[in-house]
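# Here is my input, please return the structure:
(one chain, ligands or ions: 1)
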Amino acid sequence: MDRPQPLHKYRRYSDCSVSEKFLDTCFLLVMGVGYLLASAYLYVSHEGLDNKPGLSVEDVVYSYYGNRSGSTLEAKLRGSMSGYISIEENEKVVAWIFKGSPEKTFDREIKPIFEKNCTFCHRPEAGGMTDLSDVKAVKKLTDVDMGKSIGALARVSHIHLFGVGLLLFLIGKIFILCEMPALLKRVVVGFPFLAIFMDIGSWWLTHWLPAFAYIVIAGGALIGLSIGFQIIVSLYQMWFYKEKEQ
Ligand code: HEC
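Reported below is the predicted structural model:
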């Protein structure tokens, strides 16, 4: 039998046709750009939730844990709006919020206070300001922000597990044709799968324990690093790497 002996026991880029490498290259480039855009989207959608520019651990906490120090209305009554209302009236409003802001008593107890002190500015005609004479609008300001709901978490988690899992699998399939120590290769392809569980698992944990926000960020960064590494090394070895003659 004089079938040509393959150079390697396993497939390497040198065993691939140019067409296959071309297809791999197109795929890796599209995934790379997609990943960069996903990161940019993540940045703009989370940035500034804590009222400070830039993405920070607090932004992640606000997004998954919420801001449970109280409602917006309370915060404003204590803060920048406190000058427009007398102390007794302020206490009445806070007491109403503590009772769970019941709609029944709004018109009788609270609306007159707001109409006297606040609706001069807080009316719909005044350029998008919340209408404080409308109980529905006021109730939105008295809800405590509990972060992402369990339903929302389940929705984004399963989409990410399927999507990122498939992406890691396909990128890894291309990457394992590289020439490098087997152990390093296994770590590079296996690690991001662990990181995705770290990342998504800590979205859930952050919903109860805000300290896990650090792991959300670390997990996300590790997935990004691993994808970037695999894409760059694959493209390099595919087109530029010359094997040493055995
Ligand atoms: C002189 C105008 C003026 C008056 C009077 C005023 N506000 Fe405001 N209020 C503002 C402006 C401007 C903002 C947006 C800037 C900010 O958040 O500080 C605001 C923001 C708020 C917010 C944040 C949410 C939102 O609707 O945008 C709350 C809650 C609020 N005010 C409550 C009150 C209450 C309660 C009173 C009456 C005791 C009051 N304000 C009186 C001008 C006013």
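
# Please identify the helix or strand for Gly128.
Using DSSP states H and E, Gly128 is not contained in any helix or strand.

# How much space separates it from the ligand?
The gap separating Gly128 from the ligand is 8 Å, by CB to the nearest ligand atom, to the nearest Å. From N, CA and C alone the C-beta is placed, and that goes for glycine too.

# Around that residue, count how many other residues there are.
Residues near Gly128, counting by other CB atoms under 10 Å, number 6.

# Let me see the backbone angles for it.
Gly128 adopts backbone torsions of phi 80, psi 10, taken as degrees, to the nearest 10.

# Let me see the contact set for Asp24.
16, 174, 234, 238 (CB atoms under 8 Å, 6 or more residues apart in numbering).

# and it, what element?
Counting by DSSP H and E, Asp24 is found in helix 18-46.

# Quick check: next helix or strand after that helix?
Using DSSP H and E, the helix or strand that follows helix 18-46 towards the C-terminus is helix 57-64.

# follow-up on the earlier one: taking the contacts of Asp24, tell me the two that lie furthest apart.
Greatest spacing in these, by CB to CB: Cys16 and Ser234 (11.2 Å).

# in the helix or strand of the chain with the lowest mean pLDDT, what counts as buried?
Across the helices and strands of the chain, mean pLDDT, DSSP states H and E gives its lowest value to helix 57-64, namely a mean of 83. Neighbour-count burial for helix 57-64 flags 58-64 (criterion: 16 or more other CB atoms under 10 Å).

# The residue nearest the centre of the chain: what's it in contact with?
In the chain, the centroid-proximal residue (CA atoms, centre = their mean) is Leu42; its distance is 5.4 Å. Shown in contact with Leu42 (CB under 8 Å, 6+ apart): 55, 220.

# That one and the ligand: what is the separation?
In terms of CB to the nearest ligand atom, Leu42 sits 26 Å off from the ligand.

# so Ile113 makes contact with Glu88?
No: between Ile113 and Glu88 there is no contact under CB atoms under 8 Å: 9.6 Å.

# elements contacting the least confident helix or strand of the chain?
Secondary-structure packing of helix 57-64 (3 or more CB pairs under 8 Å, 6 or more residues apart in numbering; DSSP states H and E): helix 18-46, helix 182-208, helix 213-239.

# and Met81, which of those helices is closest to it?
Here helix 18-46 is closest among those (CB to CB), at 26.8 Å.

# List the buried residues for that closest one?
21, 24-25, 28, 31-32, 35, 46.

# do the same with stretch 200-213
Those would be 200, 202-207, 210, 212-213, for stretch 200-213 by 16+ other CB under 10 Å.

# Can you name the residues that contact Phe197?
Counted by CB under 8 Å, 6+ apart, Phe197 has contacts Gly219.

# one more time with 10 Å, if that's ok
With contacts defined as CB atoms under 10 Å, 6 or more residues apart in numbering, Phe197 is in contact with 161, 219.

# can you check Glu91 too?
77, 85.

# how much space between it and Asp143?
According to CB to CB, to the nearest Å, Glu91 and Asp143 sit 21 Å apart.

# Identify the residues contacting the least confident helix or strand of the chain?
With CB under 10 Å, 6+ apart as the test, helix 57-64 has contacts from 43, 45-52, 56, 65, 67, 145-148, 152-153, 202-217, 220.
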